[in-house]
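A.B. asks: my questions are about this predicted structure, shown below with the sequence.
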Amino acid sequence: MPQKIIFDTDPGHDDAIAIMLALASPELEMLGITTTFGNVALEKTTRNALVVRELLGKTVPVYAGAERPLLRERISAENVHGHSGLETTSPHGLSEGPDLQEPQGRAEAQHAALFIIQKVLEHPGKVTLVSVGPLTNLALAMRLEPKIVPAIKQIVLMGGSLYLGNTTPAAEFNILCDPHAAKIVFDSGAPLTMFGLNLTHQTLATPERIARFRALGTRVGEVAAALLDFFRQHYQRRYGYEGAALHDPATIAYLVQPDLFKLRPMFVEVDSTPGPGFGRTVCDYWQVTEKPANCQVALEADAEGFFELLVERIGRYR
Ligand code: BDR
Ligand code: CA
């Protein structure tokens with residue numbers, strides 16, 4: 001039986017690669033893609049989700065969600081993902097070229113948070129929520145209908161970090177986008193698995209790895225390579241890395257092939273108080289608080305195995 005998932009996302013280059021992986025993986029049954037503000041504004045992330053869906057020739061429904069965070073002002077990451085959120089290094093951008101067309105389809109009328117509530121209650125204990133953007137839609141769903149919390153199978157998220165931030169010295173982007181929402185989710189009691197920066201900076205899309213997508217000789221492989229070529233530039237500029245940290249697909253790879261990762265249970269608390277730690281995921285690695293673990297934190301990735309899986313699955317699109 002494939003695992004039922006809802007994929008909550010703000011595409012986003014790495015989000016797009018995660019969608020490619022998920023929709024090529026028979027181990028997963030994608031009930032819907034829900035979108036949130038994040039890398040760019042909601043209107044653009046929703047458009048990008050539709051663009052990727054159509055590129056892949058799929059019909060999974062897309063539900064638009066939160067336009068802004070619960071309390072703080074909205075931030076975004078055009079510096080990483082470009083103005084559309086899915087820029088490439090091609091002079092016109094793939095969105096204007098032959099590969100990525102403007103979407104024909106539209107998002108469903110239902111709000112993302114209401115869709116999450118409906119599906120979790122329809123299949124109690126069976127739905128995994130995968131979050132690779134700000135946690136606002138999940139927090140809204142939990143507050144609108146607290147009955148969903150014990151009915152969620154698990155939440156697998158990209159966000160936070162065991163150590164350093166990427167948007168402030170302390171905070172990772174997805175958590176910093178809406179620390180209050182993240183706090184609701186981390187404190188909820190739902191089973192959590194966290195893929196933070198300490199993990200995703202181990203899975204670098206280097207030029208050699210990107211070339212493997214291009215060598216597939218398919219349209220989807222070419223788009224994946226073109227997206228990663230653009231994404232890589234930020235990681236060269238900011239971190240001096242050869243490749244892009246491929247964050248979001250780790251969540252899906254974990255569901256498909258969990259043995260690619262080593263995890264450790266910990267108590268993780270989100271700092272939602274004003275100050276330099278705002279948005280930080282404080283991870284109690286050594287159990288110094290003696291609080292029971294609320295989260296499995298991913299520590300190590302088999303990066304080669306991860307890229308093997310990605311290339312093999314993305315190679316399934318014709
Ligand atoms: C996260 O922020 C976004 O820019 C990426 O899509 C990823 O989800 C990494 O901090
Ligand atoms: Ca993302």
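C.D. replies: Here it is on my side, so go on. Every value quoted in this text rests on a predicted model; they were computed, and no experiment measured them. Residues are numbered from 1 along each chain as shown. Ligands and ions are numbered 1, 2, ... in the order given.
A.B. asks: write out the residues of this structure neighbouring ligand 1.
C.D. replies: Counting by CB under 6 Å from any ligand atom, the chain comes close to ligand 1 at 12, 14-15, 39, 77, 80, 132-133, 158, 166, 172-174, 247-248. The C-beta positions use only the backbone N, C-alpha and C, and glycine is treated the same way.
A.B. asks: let's go with 8 Å and repeat that
C.D. replies: 10-15, 38-39, 77, 80-81, 132-133, 158-159, 166-167, 172-174, 197, 200, 245, 247-248 (CB under 8 Å from any ligand atom).
A.B. asks: show me where this structure has its strands.
C.D. replies: For the chain, strands defined by DSSP state E occupy the ranges 3-9, 28-35, 62-64, 127-131, 152-158, 192-195, 204-205, 244-245, 261-270, 281-284, 295-301.
A.B. asks: in the longest one, what's buried?
C.D. replies: Read that as strand 261-270. Across strand 261-270, burial judged by 16 or more other CB atoms under 10 Å covers 261, 263, 266-270.
A.B. asks: what sits against residue 16?
C.D. replies: When contacts are counted by CB atoms under 8 Å, 6 or more residues apart in numbering, residue 16 touches 48, 52, 86, 224, 227.
A.B. asks: from the residues you listed, pick the one nearest residue 151.
C.D. replies: residue 52 (28.7 Å; CB to CB).
A.B. asks: near the closest one, how many other residues are there?
C.D. replies: For residue 52, the neighbour count with other CB atoms under 10 Å is 28.
A.B. asks: wait, doesn't it sit right on residue 11?
C.D. replies: Yes: using CB atoms under 8 Å, residue 52 is in contact with residue 11, at 6.2 Å.
A.B. asks: shared neighbours of the two, anything?
C.D. replies: 19, 86.
A.B. asks: and the contacts of residue 16, which is closest to ligand 2?
C.D. replies: residue 48 (10.6 Å; CB to the ion).
A.B. asks: ok, and the closest non-adjacent residue to that closest one?
C.D. replies: Nearest non-adjacent residue to residue 48, counting by CB to CB, 6 or more residues apart in numbering: residue 11, 4.0 Å away.
A.B. asks: measure that neighbour to residue 103 for me?
C.D. replies: In this view, residue 11 and residue 103 are 12 Å apart by CB to CB, to the nearest Å.
A.B. asks: so those two - more neighbours on which side?
C.D. replies: Using other CB under 10 Å, the more surrounded residue of residue 11 and residue 103 is residue 11, with 32 against 18.
A.B. asks: the more buried one: what's it in contact with?
C.D. replies: 19, 35, 39, 45, 48-49, 52, 85-86.
A.B. asks: so can I have a markdown table of those residues showing distance to residue 150?
C.D. replies: Listed next are the contacts of residue 11 as a markdown table, based on distance: CB to CB, whole Å:
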| residue | distance to residue 150 |
| --- | --- |
| 19 | 28 |
| 35 | 26 |
| 39 | 31 |
| 45 | 29 |
| 48 | 33 |
| 49 | 29 |
| 52 | 32 |
| 85 | 35 |
| 86 | 37 |
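A.B. asks: with respect to ligand 1, which of the residues you listed is nearest?
C.D. replies: residue 39 (4.9 Å; CB to the nearest ligand atom).
A.B. asks: could you check how far the closest one is from residue 209?
C.D. replies: Residue 39 is 22 Å from residue 209, by CB to CB.
A.B. asks: ok, residue 168 next?
C.D. replies: 29 Å.
A.B. asks: again, but for residue 230
C.D. replies: Residue 230 is 15 Å from residue 209, by CB to CB.
A.B. asks: then residue 216?
C.D. replies: Taken as CB to CB, the span from residue 216 to residue 209 is 12 Å.
A.B. asks: then residue 22?
C.D. replies: 19 Å.
A.B. asks: neighbour count winner among these two?
C.D. replies: residue 22 (28 against 22).
A.B. asks: state the pLDDT value of that one.
C.D. replies: On the pLDDT scale, residue 22 is placed at 98.
A.B. asks: so it is in contact with residue 254, correct?
C.D. replies: No: counting by CB under 8 Å, residue 22 does not reach residue 254; the two are 11.5 Å apart.
A.B. asks: what sits against residue 257?
C.D. replies: Residue 257 is in contact with 305, 309, counting by CB under 8 Å, 6+ apart.
A.B. asks: also residue 144?
C.D. replies: Residue 144 neighbours (CB under 8 Å, 6+ apart): 113-114, 117.
A.B. asks: on that earlier part again, turn the buried residues of strand 261-270 into a markdown table, including pLDDT.
C.D. replies: Output for the buried residues of strand 261-270, formatted as a markdown table (pLDDT from 0 to 100):
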| residue | pLDDT |
| --- | --- |
| 261 | 98 |
| 263 | 98 |
| 266 | 98 |
| 267 | 98 |
| 268 | 98 |
| 269 | 98 |
| 270 | 98 |
